[in-house]
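Q: Got a predicted structure here, sequence first:
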2 protein chains.
Amino acid sequence: MAEKVTIATVAKYAGVSRQTVSNVLNTPEVVREETRRKVYEAVEALGYRVSQAARQMRTGRSRLIATRIESTGDGINGSVLDRFLHALTETAARSGYRVILYTAADDETEIATYEDLLGTYQPDAFVLASTHHSDTRTTWLAERGLPFVTFGRPWDAPDRHLWVDVDGAAGTAAATRHLLEAGHERIGFLGWPSGSGVGDDRRQGWLRAMTAAGQDTTGLDHACLDTVAEAEAAVGALLDRDPAPTALVCASDSLALGAMQAARALDRPLAVTGFDDTPVARAIGLTSVSQPLEEAAARCVRLLTRLLDGEAEAEEPVLLQPSLVVRDTT
Amino acid sequence: MAEKVTIATVAKYAGVSRQTVSNVLNTPEVVREETRRKVYEAVEALGYRVSQAARQMRTGRSRLIATRIESTGDGINGSVLDRFLHALTETAARSGYRVILYTAADDETEIATYEDLLGTYQPDAFVLASTHHSDTRTTWLAERGLPFVTFGRPWDAPDRHLWVDVDGAAGTAAATRHLLEAGHERIGFLGWPSGSGVGDDRRQGWLRAMTAAGQDTTGLDHACLDTVAEAEAAVGALLDRDPAPTALVCASDSLALGAMQAARALDRPLAVTGFDDTPVARAIGLTSVSQPLEEAAARCVRLLTRLLDGEAEAEEPVLLQPSLVVRDTT
DNA sequence: TTGAAAGCGCTAACAT
DNA sequence: ATGTTAGCGCTTTCAA
């Protein structure tokens, strides 16, 4: 077992004082070049690493970013947040931060977790995903002046915090245009019951593209819960009507998969697009809207570091553009 | 902004010394009941929480468990580890531990990350998933006497560490028996190229069940990379042979999905089972072997806490049994 | 440019 | 059963 290497070990090895080592590490520009070099050598030779705990005691900063890991639910779409989390961990590490996890069933228990975490591990910041209407988490954090960024825009507007989001409406609009260009005219939308920020946003994109193309959308807007089974049932009923849509823009890959299965069961042609470009879409060759998750995570980290360094004045929310991954030939 | 509440604040409020507060928190049995109550009241009233950083400075323990978050890869199977991670976070929190994440592309960089983490955040333990042949990570950790548990057994045997795993062979055996009971006789296996511990284990289960049933397995064992496309191609070719299998036990849901698609494309009946009961299986009604991930995570945490409390003498590796989720009527 | 002193909040060891 | 002392490893004054 190697001896514990502290700043004192390094100082002795390099023949300088403890303080000088600290300076080299934190404010290198203030130290003479030669001394600096000697210290770096010692650090290297001894494999020294600053103890976060000790540093935190002095500075009050933990270099920890807390975020929630979701229970994957239906699972198909859950993978999106997992990919985001992976990217977040990676980019945060590059900026010298680590991600610490927690779980929470609802806003209330999540806020209780904030209190606990802030008292114990004292994360420097939070990243919140899955923002929704009347999200009490952001107000709670904002009221206390705690640094945080949301992945997902605030859907109620009052909050004035920094966020990163992907333009869902632009995604469904692109999907709609893709279908229009393929010659479809009666293009329906299958989304979630209205009232969810994300869902309504995606519906808007379809509506906008249809309107821009001069298409009538009456009777083409449908909604059901976000599961494959629900979608299958809904689309089955839909295809019985007259006139039935020839294509369907879906708010998620789950819905899209359900729609495809319904169409196949009835042996009816139906062009479908999904959302999130999940593994399922890749697997079954489904055209889907893809979110730039690595970019989103990187932007979150950037906003956060600016915030923590007190340089966030000039920073603004970020709205990223998704891309359409075309897979079928419909 | 609330004032910082330290152990001193609590002590003053309760009218006792700092040390007494610490005793109440860490060894309550040593404090008189009344004093204890007073201190608890003060803690409650002030919303006091111990600072991990300060505690860590004294005790050397961070109450942090480090684990890797994987890049989801193909994605379909990736969701298994995400669910495990969720469960791990939840059960660890219940034992007073938090999960800290890192990423790594291979064993080598992962070990470098251990060194970094141990020097900086000093996690108390590691949880490693995705064990494989000649896994250098476990030897590195074991050599240094660092506490860790693997989710996945050691496939090379030399290591003598604690692990939790799910009996994959039992899973594929159950799937095979299910198909046998449904009347199938020529039941093939579609797995990964031999050499992977997990894959070979799953193959063994099928082989064992077939042999037990007196079925000949010649020409029924197939392998390809773990993607839907590979499986689709492989199974397409397979069904052209004579005699073709009437059912296929697959080593993953990805492979199973590919197999189903190939059969449907050729309009050939083929009963298929998958592995991991991923969202995809649920979505498309695929019979699949389900791993008890919550249980696995809980066992990992239990082994770890025993290890950290120095009470692991009696602890042994844990092999959990999977269950078969029957979805179709084949 | 470098060094010495102080203290962050906690708990192990010792003293009462 | 409770209190006192010391010190974990670091950085922020302040002095040389």
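A: Yes, it's here. None of these values were measured; they are calculated from a predicted model. Residues are numbered from 1 along each chain as shown, chains lettered A, B, ... in the order given.

Q: Which part of the stretch 151-300 of chain A gets nearest to chain B, residue-wise?
A: Residue of the stretch 151-300 of chain A nearest chain B, by Cβ to the nearest Cβ: residue A:279 (2.9 Å). For every residue, glycine as well, the C-beta is placed using N, CA and C.

Q: Verify the contact between that residue and residue A:77 for me.
A: No: taking Cβ atoms under 8 Å as the definition, residue A:279 is not a contact partner of residue A:77, at 10.9 Å.

Q: Of these two, which one has the most company?
A: Higher neighbour count among residue A:279 and residue A:77: residue A:279, with 27 against 21, using other Cβ atoms under 10 Å in any protein chain shown.

Q: And the pLDDT for that one?
A: In this prediction, residue A:279 carries a pLDDT score of 84.

Q: now it: how far from residue A:6?
A: 47 Å (Cβ to Cβ, to the nearest Å).

Q: where do the strands sit along the stretch 201-330 of chain A?
A: In the stretch 201-330 of chain A, the strands defined using DSSP state E, counting those that start in this stretch lie at A:221-223, A:247-250, A:271-275, A:287-290, A:318-320, A:323-325.

Q: who does the last one touch, helix- and strand-wise?
A: To tie it back to what came earlier, the one meant is strand A:323-325. Helices and strands touching strand A:323-325, by 3 or more Cβ pairs under 8 Å, 6 or more residues apart in numbering or on different chains; DSSP states H and E, are helix A:168-181, strand A:287-290.

Q: Equivalent analysis for the fourth one, please.
A: Based on contacts counted as 3+ Cβ pairs under 8 Å, 6+ apart, the elements that strand A:287-290 packs against are helix A:168-181, strand A:271-275, strand A:323-325.

Q: Repeat the analysis, applying 6 Å as the threshold.
A: strand A:271-275, strand A:323-325 (3 or more Cβ pairs under 6 Å, 6 or more residues apart in numbering or on different chains; DSSP states H and E).

Q: Single out the most deeply packed of the ones you listed.
A: strand A:271-275 (a mean of 29; mean count of other Cβ atoms under 10 Å in any protein chain shown).

Q: Does that strand reach chain B?
A: No: counting by Cβ under 6 Å from any Cβ of the partner chain, chain B has no neighbours in strand A:271-275; the shortest distance is 12.0 Å.

Q: strands paired with that strand, and their directions?
A: Strand A:271-275 has its sheet partners listed here by DSSP bridges as strand A:247-250 (parallel), strand A:287-290 (parallel).

Q: and whatever residue of the stretch 101-250 of chain A ends up closest to chain B, what element?
A: Residue nearest to chain B within the stretch 101-250 of chain A: residue A:119 (2.7 Å; Cβ to the nearest Cβ). Using DSSP states H and E, residue A:119 maps to helix A:107-120.

Q: Now do the buried residues in that helix.
A: Neighbour-count burial for helix A:107-120 flags A:107, A:110, A:111, A:113, A:114, A:117, A:118, A:119, A:120 (criterion: 16 or more other Cβ atoms under 10 Å in any protein chain shown).

Q: With stretch A:205-212 instead?
A: Residues of stretch A:205-212 classed as buried: A:205, A:206, A:207, A:209, A:210 (neighbour count, 16+ other Cβ under 10 Å).

Q: same thing with stretch A:30-45?
A: Buried positions in stretch A:30-45, judged by neighbour count with 16+ other Cβ under 10 Å: A:31, A:35, A:36, A:38, A:39, A:40, A:42, A:43.

Q: Equivalent analysis for stretch A:300-316, please.
A: Counting neighbours by 16+ other Cβ under 10 Å, the buried set in stretch A:300-316 is A:300, A:301, A:302, A:303, A:304, A:305, A:306, A:307, A:308, A:312.

Q: List the contacts of residue A:290.
A: Residue A:290 makes contact with A:277, A:322, A:323, A:325 under the criterion Cβ atoms under 6 Å, 6 or more residues apart in numbering or on different chains.

Q: got a pLDDT number for it?
A: Reported pLDDT for residue A:290: 97.

Q: Show the contacting residues for the nearest residue to it once chain neighbours are set aside.
A: Spatial nearest neighbour of residue A:290, excluding adjacent residues (Cβ to Cβ, 6 or more residues apart in numbering or on different chains): residue A:277 at 3.7 Å. Neighbouring residues of residue A:277 by Cβ under 6 Å, 6+ apart: A:288, A:290, A:325.

Q: If we use 7 Å, what do you get?
A: A:288, A:289, A:290, A:325 (Cβ atoms under 7 Å, 6 or more residues apart in numbering or on different chains).

Q: And the furthest pair within the residues you listed?
A: In the contacts of residue A:277, two members sit farther apart than any others by Cβ to Cβ. They are A:289 and A:325, at 7.6 Å.

Q: Next, the distance between the ends of stretch A:177-197.
A: Terminal residues of stretch A:177-197 are spaced 22 Å apart (Cα to Cα, to the nearest Å).

Q: Which residues belonging to it are considered buried?
A: Within stretch A:177-197, the residues scored as buried using 16+ other Cβ under 10 Å are A:177-180, A:182, A:184, A:186-192, A:196-197.

Q: Could you do stretch A:56-64 as well?
A: Under the neighbour-count criterion of 16+ other Cβ under 10 Å, stretch A:56-64 has A:56, A:61, A:62, A:63, A:64 buried.

Q: Outside of it itself, which residues are in contact with it?
A: Against stretch A:56-64 from outside (Cβ under 7 Å, 6+ apart): A:52, A:96, A:97, A:98, A:100, A:121, A:122, A:123, A:124, B:53, B:54, B:57.

Q: By neighbour count, which of those wins?
A: Most surrounded of the contacts of stretch A:56-64: other Cβ under 10 Å gives residue A:123, at 26 neighbours.

Q: That one: what's it in contact with?
A: So residue A:123 contacts A:62, A:64, A:65, A:66, A:100, A:117 (Cβ under 7 Å, 6+ apart).

Q: what's the farthest-apart pair in those residues?
A: That would be A:65 and A:117, which, of these, are the farthest apart (Cβ to Cβ) at 10.9 Å.

Q: rewinding a little: could you take the helices and strands packed on strand A:287-290 and lay them out as JSON lines, with extra columns for distance to DNA strand D and mean pLDDT?
A: Shown next, in JSON lines, are those (distance: least, Cβ to the nearest atom of the strand, whole Å; pLDDT from 0 to 100):
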{"stretch": "strand A:271-275", "distance to DNA strand D": "45", "mean pLDDT": "97"}
{"stretch": "strand A:323-325", "distance to DNA strand D": "42", "mean pLDDT": "98"}
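
Q: can the ones you listed go into a markdown table with extra columns for distance to DNA strand C?
A: Listed next are the helices and strands packed on strand A:287-290 as a markdown table, based on distance: least, Cβ to the nearest atom of the strand, whole Å:
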| stretch | distance to DNA strand C |
| --- | --- |
| strand A:271-275 | 47 |
| strand A:323-325 | 48 |
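
Q: Let me have those in TSV, adding distance to residue B:234 as columns.
A: Listed next are the helices and strands packed on strand A:287-290 as TSV, based on distance: least, Cβ to Cβ, whole Å:
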stretch	distance to residue B:234
strand A:271-275	26
strand A:323-325	25
